[in-house]
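**Q** Quick one: sequence and predicted model below, then my questions.
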Amino acid sequence: MKSSLSEIKEPSAEYARNKEIPTFFLGQQMLKGTIFDINESQIDPNTPTLFYSHPHGEIWVGDAIAWLRSLETESVDMIFADPPYNIKKAEWDTFESQEEYVEWSLLWIREAARALKPSGTLYICGFSEIIADLKLPASRFFKGCRWLIWHYKNKANLGSDWGRSHESILHFRKSKNFTFNIDDVRIPYGNHTLKYPEHPQAQTSQYGKGNGRKNTIWQPHPRGAKPRDVIEIPTTCNGMHEKTPHPTQKPEELLRKLVLASS
């Protein structure tokens, strides 16, 4: 068994950010999963194989398109896809051309759209210059898309050009009535915003516009401000419990935010 199939890490109290257990784990038993012994040399990509089972989910090994085709139509709330980027860093990330990459991507995107419920969401990660070619052709399967930015500041610039500090996330919606739990992903207010409740709205205030609202005192929401399309979360780095050898690993905190928002 290669190391790529042995890098499963159970939930742990050792979290890199603030060294504390997330609040939704407090008072709950940390559940363990089961890893199944798989001989990678005997895996048939067209027949996805169960590799890891947990009370809250499963990991399957195999061809993503074959696995998506096994799902019932309109049965899925949300899909988070971190596909190959076509940047040729590994054998599985190499395509003959960008056109071939787009054609392949549309195959699994079509299946993802079929499997999503009418209220469902598909998130696709990638570098902006790569997935820009996906947005227009993939939009035919959806009723809307927002372009999100995942911004991180903790990645060193080892080259002689502009250092990369973000990745893009396309947020495709199956219909206009897509699930979005805005209160579950609110963010802290800025210090300047928290000054607003101290005085009535100015003549130019967006909040103060409208009949009878000029003298309205704005009050902050108890759970914070509405989320923005730039998400600031550190990327994974050495020393983090969740870090694995995967070249484009996404932090658990990012996944947690999107799952809370769309399911």
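**A** Structure received.
**Q** Report the buried residues of stretch 106-115.
**A** Applying a neighbour-count criterion of 16 or more other C-beta atoms under 10 Å, the buried positions in stretch 106-115 are 108, 109, 111, 112, 113, 114, 115. Where you see a C-beta, it was placed from the backbone N, CA and C, and this is true even at glycine.
**Q** And for it, what's in contact with it?
**A** 64-65, 68-69, 71-76, 79, 81, 83, 122, 124, 134, 137-138, 141-142, 172, 174 (C-beta atoms under 8 Å, 6 or more residues apart in numbering).
**Q** Helices - which of the buried residues of stretch 106-115 land there?
**A** 108, 109, 111, 112, 113, 114, 115 (DSSP state H).
**Q** For whichever strand or helix holds residue 260, buried residues please.
**A** For residue 260, the enclosing helix or strand under DSSP states H and E is helix 252-262. Residues of helix 252-262 classed as buried under the neighbour-count rule (16+ other C-beta under 10 Å) are 252, 253, 254, 257, 258, 259, 261, 262.
**Q** ok, now stretch 180-192?
**A** Residues of stretch 180-192 classed as buried: residue 185 (neighbour count, 16+ other C-beta under 10 Å).
**Q** thinking again about what came up before, which single one of the buried residues of helix 252-262 is nearest to residue 48?
**A** Looking at the buried residues of helix 252-262 and their distance to residue 48, the nearest is residue 259, at 21.5 Å (C-beta to C-beta).
**Q** right, and the closest one touches residue 57 too?
**A** No - assessed by C-beta atoms under 8 Å, residue 259 is found out of contact with residue 57, at 10.6 Å.
**Q** For these two, list the residues in contact with both.
**A** Both residue 259 and residue 57 lack any common contacting residue under the criterion C-beta under 8 Å, 6+ apart.
**Q** All set now, cheers.
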